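# sharing a model prediction with you, sequence too.
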Amino acid sequence: MEVRFSRERLSYSSLFSLFHFFYSDRLEVAVEDMEDLARICRVCKCHSLQSLVEKEIVHQRHAEYKSLRDIENSQKRFILQGISLPEEDRLPAALSRSLQISLSNSSRGNNLDIVSLVGSLQVQTSDLEDDLADVCVRVEDKIFRCHQVILASRSEYFRARLSRMKDFLQGRDDSLLPDPTLPCLEEHDLSKEAFQKMIEYMYTDGLTDIDPDQAEEMFDAASRYLLFPLKRAVADALLPQLEMVSLAELCHWLLLSDMYGVSKIREYCLDAMACNFETFAETPQFRAMLMALPPPSGDSSLRTTAPSAPGAEANTTEGNVLDDLREKWLEAEGDELDKRDESALLFDKRLEMLMLMAEQEKIS
């Protein structure tokens with residue numbers, strides 16, 4: 001689609017600055033282009049941004065820039081962060097509104113017939129509120145109306161899928177299809193509830209809440225769809241709920257977070273176990289967990305028994321879970337430096353005893 005502005009006085013640079021702001025939530029424009037930008041904002045009905053730009057123009061006219069008198073206006077820049085605008089006019093809120101309209105249309109449009117043509121799926125889009133969706137994704141029995149630019153910019157998986165879809169549909173005879181139509185992808189091995197949570201994150205960069213029973217599927221989806229920051233968002237939503245779970249459930253969360261590389265949940269579980277080690281040791285779930293994990297390092301030279309210095313950055317490299325548990329236990333116990341190696345050996349012997357108990361419990 002091509003949009004033409006009839007006013008020749010409008011500059012390309014001011015229009016480019018506005019488009020850049022739409023995508024990045026950050027405005028940077030030359031001072032000499034600000035009046036053009038204000039006019040474009042008026043035409044585009046960007047009223048909040050227009051008001052801020054016009055106020056800055058007045059300020060520029062009356063302010064004394066003693067240190068900048070020798071600098072031309074083309075070299076002066078006005079920079080505005082999106083946070084200066086009302087929340088409802090910022091990029092995250094706009095994307096959230098687009099998502100809500102698309103989800104509403106998805107719910108209304110799920111009774112539409114799906115017609116397989118030329119190896120692709122086409123979905124009738126008439127009688128729906130205009131959400132500007134340009135692709136749909138079918139998961140189980142639900143069709144989600146989405147926007148290619150969002151999917152492709154957030155996930156390399158979708159970028160590859162969408163680029164191959166365009167190549168495959170090249171040369172298709174659209175006259176055979178109902179008008180208007182949307183190309184449609186099909187996704188498998190994923191529930192529609194998990195996919196809806198995933199696109200919520202892709203549009204809004206956050207999650208409002210999440211069902212703990214859904215977390216493992218979300219971690220798996222983050223890995224398969226190359227959307228790794230989603231793991232951190234799921235962890236942030238889950239952490240407040242982990243404060244109320246049982247010891248047995250914390251053992252499950254440690255195994256899960258170690259499998260999928262979710263550092264926040266892994267560290268939370270290890271800290272809880274290190275501070276309450278004997279309480280955990282009394283539970284059969286903790287002893288069974290020890291059997292499912294690789295044994296701790298037997299070579300003392302591989303141990304990091306030196307205590308962390310106050311204020312030092314934590315080691316973010318995830319290694320053996322039981323090695324990390326041992327180090328957190330040593331720090332929680334607060335042993336003197338010259339006794340830490342001896343304490344580490346006692347900890348390893350305690351783990352061996354618990355593993356023997358777990359083996360006997362498994363046999364019995």
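Perfect, thanks for sending it.
# give the rounded mean pLDDT of stretch 247-258.
Averaged over stretch 247-258, pLDDT sits at 94.
# and that stretch, C-alpha only, in PDB?
The C-alpha atoms that make up stretch 247-258 are tabulated as PDB, following Å, rounded to 0.1, in the frame of the first residue of the first chain:
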ATOM      1  CA  LEU A 247       8.600 -28.800  49.200                       C
ATOM      2  CA  ALA A 248       7.800 -31.600  46.800                       C
ATOM      3  CA  GLU A 249       6.700 -29.100  44.200                       C
ATOM      4  CA  LEU A 250       9.900 -27.100  44.600                       C
ATOM      5  CA  CYS A 251      11.800 -30.200  43.800                       C
ATOM      6  CA  HIS A 252       9.800 -30.500  40.600                       C
ATOM      7  CA  TRP A 253      10.400 -26.900  39.700                       C
ATOM      8  CA  LEU A 254      14.100 -27.300  40.200                       C
ATOM      9  CA  LEU A 255      14.300 -30.200  37.800                       C
ATOM     10  CA  LEU A 256      12.100 -28.400  35.200                       C
ATOM     11  CA  SER A 257      14.000 -25.100  35.400                       C
ATOM     12  CA  ASP A 258      17.400 -26.900  35.100                       C
END
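# contacts for it?
Contacts to stretch 247-258, defined as Cβ atoms under 8 Å, 6 or more residues apart in numbering, come from residues 215-216, 219, 235, 242, 245, 262-266, 269-270, 272-273, 276, 279-280, 283, 285-286, 288-289, 292-293, 318, 321. Placement of C-beta: from N, CA and C, glycine included.
# would you mark the buried spots in that stretch?
Neighbour counts over stretch 247-258 (16 or more other Cβ atoms under 10 Å) mark 250-258 as buried.
# let's see which of the residues you listed end up in helices.
Judged by DSSP state H, helices contain the following of the buried residues of stretch 247-258: 250-258.
# tabulate these (TSV), appending distance to residue 155.
Below are these laid out as TSV (distance: Cβ to Cβ, whole Å):
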residue	distance to residue 155
250	31
251	32
252	28
253	26
254	28
255	27
256	22
257	22
258	24
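# now, among these, which is nearest to residue 192?
Checking those against residue 192 by Cβ to Cβ gives residue 256 as the nearest, at 22.2 Å.
# where do the helices of the stretch 201-350 of the chain begin and end?
Ranges of helices within the stretch 201-350 of the chain are 215-224, 229-242, 247-260, 263-275, 277-281, 284-292, 321-333, 340-363, based on DSSP state H, counting those that start in this stretch.
# for residue 181, find the nearest of those.
With distances scored as Cβ to Cβ, the stretch of the helices of the stretch 201-350 of the chain nearest to residue 181 is helix 215-224 (27.6 Å).
# same for the closest one, what does it pack against?
For helix 215-224, the elements it packs on are helix 192-204, helix 229-242, helix 247-260, judged by 3 or more Cβ pairs under 8 Å, 6 or more residues apart in numbering; DSSP states H and E.
# may I see the buried residues of the first one?
The reference is to helix 192-204. Judged by neighbour count using 16+ other Cβ under 10 Å, the buried positions of helix 192-204 are 192, 194-195, 197-204.
# can you put those in a markdown table and add pLDDT and distance to residue 26?
Formatted as a markdown table, the buried residues of helix 192-204 follow (pLDDT from 0 to 100; distance: Cβ to Cβ, whole Å):
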| residue | pLDDT | distance to residue 26 |
| --- | --- | --- |
| 192 | 93 | 35 |
| 194 | 94 | 32 |
| 195 | 95 | 30 |
| 197 | 94 | 28 |
| 198 | 95 | 26 |
| 199 | 94 | 24 |
| 200 | 93 | 24 |
| 201 | 94 | 21 |
| 202 | 93 | 20 |
| 203 | 93 | 19 |
| 204 | 90 | 18 |
